[in-house]
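Visitor: curious how this folds, go ahead:
(one chain, ligands or ions: 1)
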Amino acid sequence: MTTGKIALITGSNGGLGQALVDRFLAEGYFVFAGVKDLSMDTVTRPNCMTVQLDITSDADIEHCHREIAKVGQLTVLVNNAGVSGWGSFWKRELADEQAIFDVNLWGTVRMIRSFWEDLEANHGLIVNIGSISWAVPTPFISAYSASKSALEKMVLGMYLEKKRTAVRVLHLNLWPLDQGMCGNAIAKESETYNEKIRTHMVKIQKFHGFHVENVAKYILRFSESDTRYRVVTLGWWAKAICFFGMLVPQPRYQKMIGRLYKSV
Ligand SMILES: NC(=O)c1ccc[n+]([C@@H]2O[C@H](COP(=O)([O-])OP(=O)(O)OC[C@H]3O[C@@H](n4cnc5c(N)ncnc54)[C@H](OP(=O)(O)O)[C@@H]3O)[C@@H](O)[C@H]2O)c1
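Guide: This is a model prediction of the structure:
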């Protein structure tokens, strides 16, 4: 049993999730590192327990609940797990597009529902990892961006229904990171892109990719603040693009995006 702070991070076997686990451990948290497939994970560290947690599985979530209860009370829930599914909507199966919503929206909502009471009792924090693609029309990941957009609206609605709640919420809309799914997609599914897009994405990641460490630092800083609910777009590039998207008339903006993705 610990009297210290406990964090649960979903999708923590790589990318941003891994960086978050490291950072929370360094800050003295006891960390539950949720992984979709426990058999893949072999790393054991002090104050860190790896748990089987497919966020679309009620059984896994209940199991995770029980494991945390053995140690203490949850302080921070980071809903980091997500899937992208790059490729043309018109070439992909509808079921695959729905599966993106099952994880990014319904899986995350399921986590929030199950851990809400614990976080309420502990004045805890929920962190949801979104994407700037909610603000930018994004062909070839349309279901992904729609799911992240829906998550933001859904969680706000859920939060507003809970009057005078002690739970705090941070929704982070992220620009492409310097590692994780964006890079994986480029490497694994490059046939989806034409050369222009691929070069563009590689450049973004290499030169402007948001450092996962900085995301972790921001979350830790926020966890110490008194802010109750915040939606944040991280990084100057991301902020500029969202701002630009609001300033430029929609038909013009769509034309520009369309031209960028043309003939893919
Ligand atoms: N990388 C970027 O450029 C970028 C930009 C904006 C937002 N984000 C967001 O940041 C978060 C982390 O992504 P990442 O870039 O670090 O990508 P990643 O390396 O692919 O990490 C995603 C994690 O989610 C896990 N996951 C997938 N389905 C799951 C499920 N049903 N239950 C539990 N875990 C599941 C994956 O596990 P497996 O590996 O076992 O499948 C993986 O550990 C995501 O929510 C993503 O949408 C990323």
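Visitor: what residues does this structure put near the ligand?
Guide: Within the chain, the positions near the ligand by Cβ under 6 Å from any ligand atom are 10-11, 13-17, 36-37, 53-56, 80-83, 103, 107, 129, 131, 174, 176-177, 180-182, 184. Quick note: C-beta positions are derived from backbone N, CA and C, even for glycine.
Visitor: of the residues you listed, grab the buried ones for PyMOL.
Guide: In PyMOL syntax, the buried subset of these is picked out as below (16 or more other Cβ atoms under 10 Å):
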select buried, resi 10+11+13+15+16+17+36+53+54+55+80+81+82+83+103+107+129+131+174+176+177+180+181+182
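Visitor: spatially, what comes nearest to residue 261 if we skip its sequence neighbours?
Guide: Nearest in space to residue 261, with sequence neighbours left out and distances taken as Cβ to Cβ, 6 or more residues apart in numbering, is residue 139 at 4.7 Å.
Visitor: sec struct for residue 218, please.
Guide: Put simply, residue 218 is helix when judged by DSSP: H, G, I helix; E, B strand; the rest coil.
Visitor: from residue 230, how far off is it?
Guide: According to Cβ to Cβ, to the nearest Å, residue 218 and residue 230 sit 11 Å apart.
Visitor: which one of these two has more residues nearby?
Guide: Neighbours per residue (other Cβ atoms under 10 Å) separate residue 218 from residue 230, with residue 218 holding more: 17 against 12.
Visitor: buried residues of stretch 249-261, list them for me.
Guide: By neighbour count on 16+ other Cβ under 10 Å, the buried set for stretch 249-261 is 253, 261.
Visitor: chain center to that stretch: distance?
Guide: 26 Å (Cα atoms, centre = their mean, to the nearest Å).
Visitor: ok so, going back, dump the residue contacts of the residue nearest to residue 261.
Guide: 88, 257, 258, 261, 264 (Cβ atoms under 8 Å, 6 or more residues apart in numbering).
Visitor: and the residues you listed, which two are furthest apart?
Guide: Based on Cβ to Cβ, the longest span within these runs between 88 and 257 and measures 15.0 Å.
Visitor: can you give me the strands in the stretch 51-200 of the chain?
Guide: Secondary structure of the stretch 51-200 of the chain by DSSP state E, counting those that start in this stretch: the strands cover 76-79, 125-131, 168-174.
Visitor: and for residue 9, the neighbour number?
Guide: Residue 9: 30 neighbours (other Cβ under 10 Å).
Visitor: residues contacting the residue nearest to it when sequence neighbours are not counted?
Guide: Using Cβ to Cβ, 6+ apart and skipping residues adjacent in sequence, the residue nearest residue 9 is residue 78, 4.5 Å away. Shown in contact with residue 78 (Cβ under 8 Å, 6+ apart): 7, 8, 9, 10, 17, 20, 127, 129, 219.
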